[in-house]
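>>> no letters, just coordinates:
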């Protein structure tokens with residue numbers, strides 16, 4: 001592919017403005033040519049900031065354009081699969097904000113549509129592009145952790161419910177609470193570091209204890225539009241346990257609100273040669289040498305200048321330009337949504353669910 005890639009944006013809300021917009025605008029091989037949002041005024045406002053003339057309220061009209069190579073989907077979760085499938089069938093490449101879909105059936109339809117179209121489908125997995133994650137992946141691939149047999153991951157907030165009463169807390173639109181909102185991030189990076197083992201069973205529990213609490217101490221609660229008379233029918237905390245085909249396992253915990261000391265995201269892995277802790281982006285490696293236990297903190301130069309969302313968008317463009325092979329594939333998304341769906345099922349039924 002030569003020349004600039006022409007992009008159409010579908011969904012001009014908070015996540016697009018926060019981490020997608022600048023990444024696309026600053027990429028020298030991308031030209032943003034259209035912005036679509038069901039709220040036409042918002043589409044117009046965002047388009048104006050980007051110097052884009054074409055705005056739409058209906059994504060179907062945008063997809064009719066034959067001068068668009070790819071689209072970026074930043075809508076509420078429910079609409080990811082519908083728009084992605086339509087775009088792939090219209091011959092567009094698709095980059096989509098996470099999660100892939102709200103249920104496994106829709107995620108599989110997306111994967112099938114990508115295969116049938118021959119176009120690239122990629123869903124945001126920005127934490128794979130964190131410099132510490134990249135370092136740890138290479139460390140693992142070089143055999144320095146040995147066999148990774150178990151781990152745990154999570155993102156816990158003290159009070160950080162996004163868009164309370166809006167689409168984030170409305171199950172029909174979001175598919176769930178922090179498990180589907182935050183779990184995608186760190187279950188994905190943990191499984192990627194573990195070489196994407198096949199999940200075979202899960203156990204989970206979910207809780208809703210802070211639906212009537214209006215205190216916030218997290219910047220992340222600013223995402224979404226709050227509605228005082230809105231819906232809150234999702235969990236605010238989910239815990240679980242995933243078993244993999246190779247015998248490995250992973251503990252998980254994700255919350256928007258719980259009585260913990262601090263907001264924290266983390267991935268911990270246990271290997272036969274060493275272990276690793278990636279907490280709030282800081283990496284530590286635990287091993288032994290010369291008859292002693294050792295703790296190592298790698299110095300990763302330039303890490304503070306890296307914006308992981310932008311790095312993922314660069315990877316997407318690199319793949320389209322033939323410079324890279326995708327490290328995020330549609331089947332990863334299908335497995336992810338199967339896991340999340342099964343955890344919700346396990347929580348409801350009170351027993352382990354096989355995948």
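That came through, no problem. Since we're looking at a predicted model, the values are computed, not measured.
>>> can you show me the helices along the chain?
Along the chain, counting by DSSP state H, helices occupy 14-15, 21-25, 40-50, 59-63, 80-89, 104-117, 131-141, 171-174, 178-193, 308-320, 330-349.
>>> which of those helices is buried the deepest?
helix 178-193 (a mean of 25; mean count of other Cβ atoms under 10 Å). C-beta: built from backbone N, CA, C; applies to glycine.
>>> any stretches of the stretch 51-200 of the chain with poor pLDDT?
Along the stretch 51-200 of the chain, the model assigns pLDDT under 70 to no residue.
>>> residues contacting residue 108?
residue 334 (Cβ atoms under 8 Å, 6 or more residues apart in numbering).
>>> apologies, that question was intended for residue 102.
77, 78, 80, 81, 174, 175, 176, 180, 337.
>>> just give the nearest non-adjacent residue to it, would you?
Excluding its sequence neighbours, the residue lying closest to residue 102 (Cβ to Cβ, 6 or more residues apart in numbering) is residue 175, at 3.2 Å.
>>> and residue 273, by the same measure?
Closest to residue 273 by Cβ to Cβ, 6+ apart is residue 146, at 3.3 Å.
>>> same deal with residue 148?
Nearest one to residue 148, counting by Cβ to Cβ, 6+ apart, is residue 271 at 4.6 Å.
>>> kindly report the same for residue 151.
Leaving out its chain neighbours, the residue that sits closest to residue 151 by Cβ to Cβ, 6+ apart is residue 269, at 4.1 Å.
>>> wait, residue 267 touches residue 153, no?
Yes. Residue 267 is within contact range of residue 153, at 4.4 Å (criterion: Cβ atoms under 8 Å).
>>> tell me how far residue 201 lies from residue 244.
Separation of residue 201 from residue 244 (Cβ to Cβ, to the nearest Å): 9 Å.
>>> oh, I was asking about residue 238
Residue 238 sits at a distance of 19 Å from residue 244 (criterion: Cβ to Cβ).
>>> and residue 73, by the same measure?
29 Å.
>>> more neighbours, those two?
Applying other Cβ atoms under 10 Å to residue 73 and residue 244 shows that residue 73 carries more neighbours, namely 25 against 19.
>>> hey, what's the more buried one bridged with?
residue 10, residue 96 (DSSP bridges).
>>> that one contacts residue 11, correct?
Yes. Shown here, residue 73 and residue 11 form a contact pair, counting by Cβ under 8 Å, at 6.0 Å.
>>> list residues touching both of those two?
Contacts common to residue 73 and residue 11, judged by Cβ under 8 Å, 6+ apart, are residue 97.
>>> who has more neighbours, residue 267 and residue 153?
Taking neighbours as other Cβ under 10 Å, residue 267 and residue 153 compare with residue 267 leading, 29 against 26.
>>> show me what contacts that one?
By Cβ under 8 Å, 6+ apart, the residues touching residue 267 are 151, 152, 153, 186, 189, 190, 193, 276, 277, 278.
>>> returning to that earlier point: what count of nearby residues applies to the residue nearest to residue 273?
14.
>>> so how far is residue 354 from it?
29 Å.
>>> residues contacting the residue nearest to residue 273?
271, 272, 273, 274.
>>> rerun that using 7 Å as the cut-off
By Cβ atoms under 7 Å, 6 or more residues apart in numbering, the contact set of residue 146 is 271, 272, 273.
>>> try residue 137
residue 193.
>>> distance of it from residue 198?
Relative to residue 198, residue 137 is positioned 19 Å away (criterion: Cβ to Cβ).
>>> adding distance to residue 226, write the contacts of residue 102 out as a markdown table.
Listed next are the contacts of residue 102 as a markdown table, based on distance: Cβ to Cβ, whole Å:
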| residue | distance to residue 226 |
| --- | --- |
| 77 | 17 |
| 78 | 19 |
| 80 | 22 |
| 81 | 26 |
| 174 | 14 |
| 175 | 19 |
| 176 | 18 |
| 180 | 19 |
| 337 | 27 |
